[in-house]
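Visitor: Predicted structure and sequence below. I'll ask about it afterward.
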Amino acid sequence: MTTLFDPIQIGDIALANRIAMAPLTRNRATNSVPTPMMAEYYGQRATAGLIIAEASQISPMAQGYLDTPGIYSPEQVAAWRPVTDAVHAAGGRIVIQLWHVGRISHSSLLPEGAAPVSSTNQVANTQTYTRDGFVPVSAPRALRDDELPGLVADYRQAARCAIEAGFDGVEVHAANTYLLEQFLRDSINERSGPYGGSIANRARLLLEVVQAVSEEIGAGRTGVRLSPLTTFGGSAPLDSNPQAVYGYVVEQLAPLGLAYLHMIEGETGGPRKPEGAPAFDYAALRRAFPGAWMVNNGLSRADGLDAVASGTADIVAYGRPFISNPDLVRRLKEDAPLNALRADKLYGGGAEGYTDYPFLKD
Ligand code: PHB
């Protein structure tokens, strides 16, 4: 019987076990450039089968929060290198999540105070974190169709930068109400033309991005993350038919030979069966996808063991438990107690609550 602790080959990447560290925003970059502390942090967590490094903007226009890292400039590539080296030196594998926030941003974070860009010019009912603290997001500008090839090119270039920085691959962030989901959902995308209307049209940008990234670095080094039932407190209402939209997306991704598909089950960081959300058949999507299937969202040790043993997933991603337990894999294996999370140290700041969580003693 396969267990959480058994190795697995996903596309071109060989993992020592089936436990992934989920991508986690920690806001510890400086001017979009990773810092040496980040190499220590990720290196400490290298016993994960796979680390998915935090969401990182693919261009200056893709940023939505203060002090998140980028993966588009030579300076950033050079600064990510110690991170990937630290993980590889410890025998781990690490990919980076490619991020465009779309309308979840504020002009003060963007070049020349530009408006955020999206599928729509409707403002999201949410806030973001800037130099002035939490502020409502800015009204976005709907991208023109003729701007979308440039956007796809930005993803491609970021994927190239990721490989140059030593990452084993990338995860295309198509979840959590950011840009690619702003195109996917009919609750947000009200466009006409090739990128609006039908499900195929709304999925077009995501599929073009995955195609371009796969061409650039290899499908076997490319993963995709989806969150069919996430609303983030209602700031991004669900599609009118999530099963149809995400079923179509998975069906289109299925033949590409991707490294993995990463499914957030339920409301990100919240219930796996959100109140009021339609029933959703994740198993049907899984059956349609021949590659490695990764699940995430508040799973316990028992949930993770069961998911892999029963075959409902190939890989289990843990988020917050990995923040407070650098040796989470060992703790899960030994059923050891977990360190408590210091929730006030999640976003921004220094080493405290970042690189100072204790390892188990021998
Ligand atoms: C966040 O910065 O709050 C954040 C980033 C990426 C996500 C979700 C939340 O996917």
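Guide: Noted; the coordinates are in hand.

Visitor: So what's the residue count around the residue lying closest to Gly220 once chain neighbours are set aside?
Guide: Distances taken as Cβ to Cβ, 6 or more residues apart in numbering put Gly11 closest to Gly220, at 3.0 Å, once the chain neighbours are dropped. (Glycine included, C-beta is placed from N, CA and C.) Close neighbours of Gly11, defined as other Cβ atoms under 10 Å, add up to 20.

Visitor: so how far is the ligand from the closest residue in space to Ala159 that isn't next to it in sequence?
Guide: Once flanking residues are discounted, Ala159 sits nearest to Val213: 4.4 Å by Cβ to Cβ, 6+ apart. According to Cβ to the nearest ligand atom, to the nearest Å, Val213 and the ligand sit 18 Å apart.

Visitor: wait, isn't Val213 in contact with Val172?
Guide: Yes. Between Val213 and Val172 there is a contact under Cβ atoms under 8 Å: 6.1 Å.

Visitor: between these two, what contacts are shared?
Guide: Here Val213 and Val172 have Leu98, Tyr155, Thr222 as joint contacts, going by Cβ atoms under 8 Å, 6 or more residues apart in numbering.

Visitor: wait, what's in contact with the last one?
Guide: Under the criterion of Cβ under 8 Å, 6+ apart, the contact list for Thr222 reads Gly11, Ala159, Gly169, Val170, Glu171, Val172, Val210, Val213, Ser214, Leu256, Leu258, Ala259.

Visitor: Also the second one?
Guide: Residues near Tyr155 by Cβ under 8 Å, 6+ apart: Ile58, Leu98, His100, Val172, Val209, Ala212, Val213.

Visitor: likewise the first one?
Guide: By Cβ under 8 Å, 6+ apart, the contact list for Leu98 reads Ser56, Ile58, Ile71, Tyr155, Ala158, Ala159, Ala162, Val170, Glu171, Val172, His173, Val213.

Visitor: And the furthest pair within the residues you listed?
Guide: Farthest apart among these by Cβ to Cβ are Ser56 and Val213. That separation is 13.6 Å.

Visitor: Can you give me the distance of Ala307 to the ligand?
Guide: Counting by Cβ to the nearest ligand atom, the gap from Ala307 to the ligand is 21 Å.

Visitor: What of Leu261?
Guide: Leu261 sits 16 Å away from the ligand, going by Cβ to the nearest ligand atom.

Visitor: do Ile19 as well
Guide: The gap separating Ile19 from the ligand is 19 Å, by Cβ to the nearest ligand atom.

Visitor: before we move on, the earlier item: if you tally nearby residues, what's the number for the residue nearest to Ala159?
Guide: Val213 - counted by other Cβ under 10 Å - has 30 other residues nearby.

Visitor: Please apply the same query to Ser214.
Guide: Using other Cβ under 10 Å, Ser214 is surrounded by 23 other residues.

Visitor: so what's it closest to, chain neighbours aside?
Guide: Thr222 (4.9 Å).

Visitor: cool, and Pro321?
Guide: In this structure, Pro321 finds its nearest non-sequential neighbour in Leu328, 5.4 Å apart by Cβ to Cβ, 6+ apart.

Visitor: from the stretch 201-350 of the chain, which residue is nearest to the ligand?
Guide: Thr268 (6.4 Å; Cβ to the nearest ligand atom).

Visitor: any idea how far the residue nearest to Pro321 is from Gln44?
Guide: Going from Leu328 to Gln44 by Cβ to Cβ, to the nearest Å gives 10 Å.

Visitor: ok so, going back, now, the contacts of Leu98 that are in strands?
Guide: Judged by DSSP state E, the contacts of Leu98 include Ser56, Val170, Glu171, Val172, His173 as members of strands.

Visitor: which stretches of the stretch 51-200 of the chain form strands?
Guide: In the stretch 51-200 of the chain, the segments counted as strands under DSSP state E, counting those that start in this stretch are 94-99, 117-118, 127-130, 133-136, 141-142, 169-174.
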